[in-house]
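Enquirer: my questions concern the predicted model and sequence given below.
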Amino acid sequence: MKCFACTIASIVALVAIFTCWRYSAVEQPLFADKEFANKTMDEQIATFDDPGRLDRELASVNAEIEVAPTAKLLRKRGVLLAMQREFSLAIAAFDAAITLEPEDADAFYNRGAVYSQIGNVQDAIDDYTSAIEADADHSLAYSNRGMEYLQREEFDAALCDLQIAIRLNPDDHPGMHAMAIVYLERDDKHDGDVIKAMQLTKKACELTNYEYDLYVETLVEIERLLNASLEPDG
C-alpha cells in the first residue's frame with residue numbers, strides 16, 4: 001500500500017490531467033428570489049413553460065411602470081428582459097432601479113448576474129460587491145462573486161466567498177460545486193483537498209437528486225482520481 005504522502009502526490013499529479021470539471025458561468029443563478037435562488041439561468045427560464053408568458057409578464061410590468069415606476073418594478077423588468085436574453089435592455093432596467101434605490105442589493109446582484117452571462121467579469125464582481133455592501137447576508141452575491149474569482153483563478157478569494165455563501169445558504173449547490181473546483185485546481189493543495197472536493201460534490205449531487213450532469217461528471221472524475229492514486233505502482 002502506498003504511503004499517505006505518496007497518495008497525495010499521485011492525486012495532485014492526476015488533478016493536472018483531468019479538466020472536465022471546469023466551472024461554467026451558466027451555472028450561476030440569475031434571480032435574487034427564493035423561488036429561483038438555486039436554479040441556473042436556463043432552469044429559471046424553463047419555469048415559464050408557456051412560450052408567451054414572458055411577453056405577457058413583461059407587458060404587464062411595463063404598463064405598471066408607466067403608471068408608477070418603482071425600483072422593484074424596474075428590477076422585475078430587468079429580470080424578464082434578461083430571461084429573454086435582451087441583456088443590454090436588462091442592464092438599463094437595473095441601472096434605472098439603482099438610480100431610484102441606490103441601496104437595492106438585489107438590483108446590483110441581478111445586474112452583476114447579467115454581466116456574468118455576457119462575460120464582463122470585473123463589472124460583475126463590482127456589482128456583487130455592491131450587493132454585499134448593501135446586504136451583508138446576500139448569499140447569492142457571495143456565491144456568484146466567488147465563482148467569478150474562480151473563473152479568474154483567484155482561488156483564495158473564491159474560497160473565502162464560497163465558504164460564506166454556503167454558511168448563509170447550506171443548500172447552495174452551485175457554490176458547493178464551485179468550491180470543489182477550487183480545492184481541485186488551486187496550486188497550493190493541502191492534504192485532504194481532494195476528499196473535501198468529493199464531499200462537496202457529493203452533497204451537491206444529493207441536493208439535486210443527481211440530475212445535474214456536470215456535478216455527476218465531476219464526482220466520477222474525483223472518484224477516478226482517488227482510485228488511481230491507490231493503485232499499486234508497476
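Expert: It's in.

Enquirer: who's in contact with the nearest residue to residue 111 once chain neighbours are set aside?
Expert: The spatially closest residue to residue 111, leaving aside those adjacent along the chain, is residue 94, at 3.8 Å (CB to CB, 6 or more residues apart in numbering). To be clear about C-beta, it is placed using only N, CA and C from the backbone, and glycine gets the same treatment. When the contact criterion is CB atoms under 8 Å, 6 or more residues apart in numbering, the partners of residue 94 are 74-75, 78, 107-108, 110-111, 114.

Enquirer: what would those residues look like in CSV with distance to residue 122 and pLDDT?
Expert: CSV is the format used below for these (distance: CB to CB, whole Å; pLDDT from 0 to 100):
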residue, distance to residue 122, pLDDT
74, 24, 94
75, 22, 91
78, 20, 92
107, 18, 93
108, 14, 94
110, 17, 92
111, 13, 94
114, 14, 92
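
Enquirer: could I get the residues you listed as a markdown table with secondary structure?
Expert: Listed next are these as a markdown table, based on DSSP: H, G, I helix; E, B strand; the rest coil:
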| residue | secondary structure |
| --- | --- |
| 74 | helix |
| 75 | helix |
| 78 | helix |
| 107 | helix |
| 108 | helix |
| 110 | helix |
| 111 | helix |
| 114 | helix |
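
Enquirer: return the closest of those residues with respect to residue 58.
Expert: Distance to residue 58, by CB to CB, is smallest for residue 78 among the contacts of residue 94, at 10.5 Å.

Enquirer: leaving out sequence neighbours, find the closest residue to the closest one.
Expert: Leaving out its chain neighbours, the residue that sits closest to residue 78 by CB to CB, 6+ apart is residue 93, at 3.4 Å.

Enquirer: thinking again about what came up before, can you tell me how far the residue nearest to residue 111 is from residue 192?
Expert: Distance, residue 94 to residue 192, using CB to CB, to the nearest Å: 41 Å.

Enquirer: for residue 143, see how far away the residue nearest to residue 78 is.
Expert: For residue 93, the distance to residue 143 (CB to CB) stands at 23 Å.

Enquirer: same check on residue 95?
Expert: The spacing between residue 95 and residue 143, counted by CB to CB, is 23 Å.

Enquirer: which of the two has more neighbours?
Expert: Neighbour totals were compared for residue 95 and residue 143, and residue 143 leads with 28 against 13 (other CB atoms under 10 Å).

Enquirer: same question for the helix or strand containing the more buried one, mean pLDDT?
Expert: Taking DSSP states H and E as the criterion, residue 143 maps to helix 139-151. In this model, helix 139-151 has a mean pLDDT of 93.

Enquirer: just the strands in the protein please.
Expert: Shown for the chain, no strands are assigned by DSSP state E.

Enquirer: longest helix anywhere in this structure?
Expert: Among the elements of the chain assigned as helix by DSSP state H, the one spanning the most residues is helix 213-230.

Enquirer: over to residue 154: give its phi and psi.
Expert: Backbone geometry at residue 154, expressed as degrees, to the nearest 10, gives phi -90, psi 80.

Enquirer: OK, contacts around the nearest residue to residue 62 once chain neighbours are set aside?
Expert: Beyond its immediate neighbours in the sequence, the residue positioned closest to residue 62 (CB to CB, 6+ apart) is residue 77, lying 6.7 Å away. Shown in contact with residue 77 (CB under 8 Å, 6+ apart): 58, 61-62, 65, 93.
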